[in-house]
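Enquirer: the sequence and its predicted three-dimensional model are supplied below.
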Amino acid sequence: MKDIITLSIESSCDETAVAILKNGREVLANIVSTQIELHKKFGGVVPEVASRKHIENIDAVYQEALDTAGIKPEEIDHIAVTYGPGLVGALLVGLSYAKALAFTLGIPLVGVNHMQGHINANYIEHKDLKPPFITLVV
């Protein structure tokens with residue numbers, strides 16, 4: 001059976017992240033570019049600044065994820081991207097990048113709800129986890 005490679009992009013707030021997974025549960029790469037120091041001086045996240053920083057960072061984060069995972073773009077089977085909730089401008093950067101990449105590679109694009117992503121991340125830590133189960137996101 002062929003392994004399924006997922007490239008995932010997250011840009012809902014002030015961190016640009018790209019992860020690559022094998023078969024949905026094995027993390028091959030998880031690269032995060034944080035903006036914490038940049039926003040500290042403002043006392044919180046400034047949406048316009050966050051969006052601009054995502055534009056500057058996303059390609060380098062993507063390239064580093066590919067290098068860390070040791071895969072080529074042609075090996076990616078589909079792309080998952082956060083579509084909300086989050087800062088609109090920040091989300092648009094990740095979504096636009098993911099759409100362009102999926103189109104270029106000719107592979108499916110899957111939108112992911114940020115809150116559902118937090119729940120589903122449990123599959124990575126708990127490999128035997130199977131529904132049904134109850135979760136609480138606060």
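Expert: Alright, I've got the coordinates.

Enquirer: just the residues contacting stretch 107-126, thanks.
Expert: Contact with stretch 107-126 is made by 8, 10, 12, 21, 24-25, 27, 76-86, 98-99, 102, 129, 135, 137, as judged by CB atoms under 8 Å, 6 or more residues apart in numbering. Where you see a C-beta, it was placed from the backbone N, CA and C, and this is true even at glycine.

Enquirer: 7 Å instead?
Expert: Identification of contacts with stretch 107-126 by CB atoms under 7 Å, 6 or more residues apart in numbering yields 12, 24-25, 27, 76-86, 98-99, 102, 129, 135, 137.

Enquirer: quick one: buried ones out of the residues you listed?
Expert: The neighbour-count test (16 or more other CB atoms under 10 Å) marks 12, 76, 79-83, 86, 98, 102 as buried among these.

Enquirer: where does this protein have its least confident helix or strand?
Expert: Counting by mean pLDDT, DSSP states H and E, the weakest-scoring helix or strand in the chain turns out to be helix 122-125, with a mean of 86.

Enquirer: quick one: that one to chain centroid distance?
Expert: Distance of helix 122-125 from its chain centroid, counting by CA atoms, centre = their mean, to the nearest Å, is 15 Å.
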